[in-house]
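J.: need a structure here:
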Amino acid sequence: MTAFSIEQMKRAAAHAAVADIQAGMIVGLGTGSTAAYAIEALAARVAEGLAVEAVATSLRTADAARASGIRILDFAGIAEVDLCIDGVDEIDPSLRAIKGAGGAMLREKIVAASATRMIAIADESKDVPRLGTRPVPVEFLPFGRAFIERRITELGGRPTLRLTEEGALYGTDQGNPVLDCGFGPIDDPDGLGAALSSCPGIVGHGLFLTEIATVYVGTQQGVVRRDRQF
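T.: Residues are numbered from 1 along each chain as shown. Below is the predicted model:
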């Protein structure tokens, strides 16, 4: 059997999700390397005549989608989208996920919350039995940095300020810094999410606990679909 690379598995999952898009939809487009394959697949369908509009969860996604021929709307004027497609950093059997390695988790969560349905896309390395292998990104106001770091530490986390490859302070599209917080295996994702959401100064975090309705996972055996059991 031919072995599939991580990139091939990402692309397969993205193409499976894009097949769910129907004419006339407003589609939320995520951020990151897996979401880039969804843009690629959607652009091909648009070139074949599919009439859709989209909103983007980051400036770089907006630029990539426009360059591919996808019409991008200003989300500030959109109250609801039909379908959101986005990658994940890891996802558990209950379709709870960690997102935000690309730094767009706040905009991603707003778009996901506005969506009638959210589809996650991933390769099999992101499919985990329990969340916590990867850090939880936290976007925060610089004014509260020391207080927020203390609160995260009290919650059992190890906050690390995100820097660029050049060593400069990383900033989101909103201009805020990010703490990447290692918690190890997360026994109570709902409790942790609530605690982070209630901390003054935290404007967004990467725990997506209720938003995802479906995940397509690219595996060595093909694409596997799982749906949330409501």
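J.: tell me what the strand or helix carrying residue 13 is packed against?
T.: According to DSSP states H and E, residue 13 maps onto helix 6-18. Helix 6-18 sits against helix 33-47, strand 81-87, strand 115-123, strand 214-219, strand 222-227, with contacts defined as 3 or more Cβ pairs under 8 Å, 6 or more residues apart in numbering; DSSP states H and E. Placement of C-beta: from N, CA and C, glycine included.
J.: note down every partner strand of the helix or strand just after that helix and its orientation.
T.: Sequence-wise, the next helix or strand downstream of helix 6-18 (DSSP H and E) is strand 26-29. In the sheet, strand 26-29 lines up against strand 53-56 (parallel), strand 81-87 (parallel) (DSSP bridges).
J.: so which of those is nearest residue 19?
T.: Residue 19 lies closest to strand 81-87 among the strands paired with strand 26-29, at 10.7 Å (Cβ to Cβ).
J.: what does that closest one rub up against?
T.: Residues from elsewhere that reach strand 81-87 (Cβ atoms under 8 Å, 6 or more residues apart in numbering): 10, 14, 17-18, 20-22, 25-35, 38, 55, 57, 99, 108, 111-112, 114-122, 126.
J.: could you pick out the buried ones from these?
T.: Neighbour counting by 16 or more other Cβ atoms under 10 Å classes 10, 14, 17-18, 21, 25-32, 34-35, 38, 55, 57, 99, 108, 111-112, 114-115, 118-122, 126 among the contacts of strand 81-87 as buried.
J.: ok, back up a step: any idea which of the strands paired with strand 26-29 is most buried?
T.: Neighbour counts (mean count of other Cβ atoms under 10 Å) averaged over each of these peak at strand 81-87, with a mean of 26.
J.: show me what the following helix or strand past that strand is packed against.
T.: Beyond strand 81-87 in the direction of the C-terminus, DSSP H and E gives the next helix or strand as strand 90-91. Counting contacts by 3+ Cβ pairs under 8 Å, 6+ apart, strand 90-91 packs against strand 97-98.
J.: sheet partners, orientation included, of the strand it packs on?
T.: strand 90-91 (antiparallel), strand 207-208 (antiparallel).
J.: which of those sits most buried?
T.: strand 207-208 (a mean of 26).
J.: just how off-centre is that strand within its chain?
T.: Distance, stretch centre to chain centre, for strand 207-208: 9 Å (Cα atoms, centre = their mean, to the nearest Å).
J.: cool, stretch 165-180 as well?
T.: The answer for stretch 165-180 is 17 Å, by Cα atoms, centre = their mean.
J.: can you give me the buried ones in it?
T.: 172, 173, 176, 177, 178, 179, 180.
J.: quote the end-to-end distance of it.
T.: Counting by Cα to Cα, to the nearest Å, you get 15 Å between the two ends of stretch 165-180.
J.: quick one: mean pLDDT over it.
T.: On average, the pLDDT along stretch 165-180 is 97.
J.: next: stretch 40-55.
T.: 98.
J.: ok, and what's touching that stretch?
T.: Residues from elsewhere that reach stretch 40-55 (Cβ under 8 Å, 6+ apart): 11, 14-15, 18, 21, 23-29, 65, 68-75, 78, 81, 111.
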